[in-house]
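Asks: The following block contains a protein sequence and its predicted model.
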Amino acid sequence: MATREQVQQLLDEGLGYEAAGQRLGIPAGQVYMIATGVAADGGDTVPEQARDRGAIPASQRLANPPAENPTSSRLVHDWIAARVAADPQMRAAAARQKADDSG
């Protein structure tokens, strides 16, 4: 768990919440909460003392970072191709699939 001192040092160096989170290996919303004491989901009114610690009026973007869910991976496709090449039944199925696809 990152400490308030670690977070504050990175913010003092000029890093934003996202960059500080990457450096610490935690989500940006967690960095924001450690630094300000306020949840990044925007559900609370930001108290004055939290504003003094760097709280921002619109922090929702820090609470729900975009998920990374790739729909395909070259590594996986290569692995499947190698498995097909090593298996006679898979090669036959791949040949049938190519024949069906070509119309």
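Replies: Arrived safely.

Asks: longest helix anywhere in the chain?
Replies: helix 88-101 (DSSP state H).

Asks: which residues are contacting it?
Replies: Arg83, Val84, Ala85 (Cβ atoms under 8 Å, 6 or more residues apart in numbering). To be clear about C-beta, it is placed using only N, CA and C from the backbone, and glycine gets the same treatment.

Asks: Off-centre distance for that helix?
Replies: 37 Å (Cα atoms, centre = their mean, to the nearest Å).

Asks: Count the neighbours of the residue nearest to Ile26 when sequence neighbours are not counted for me.
Replies: Here the nearest residue to Ile26 in space, its sequence neighbours aside, is Ala2; by Cβ to Cβ, 6 or more residues apart in numbering that works out to 5.8 Å. Ala2 is flanked by 17 other residues according to other Cβ atoms under 10 Å.

Asks: Enumerate every residue touching Ala2.
Replies: Contacts of Ala2 by Cβ under 8 Å, 6+ apart are Leu24, Ile26, Gln30, Val31, Ile34.

Asks: Which ones among these lie within helices?
Replies: Leu24, Gln30, Val31, Ile34.

Asks: So which of those residues is surrounded by the most neighbours?
Replies: Of the ones in helices among the contacts of Ala2, with other Cβ under 10 Å as the count, Val31 tops at 27 neighbours.

Asks: so how far is Gly21 from Leu15?
Replies: 9 Å (Cβ to Cβ, to the nearest Å).

Asks: what's the answer for Val38, then?
Replies: 16 Å.

Asks: circling back to that earlier point, the residue nearest to Ile26: helix or strand, and which one exactly?
Replies: Assigned by DSSP states H and E, Ala2 belongs to no helix or strand.
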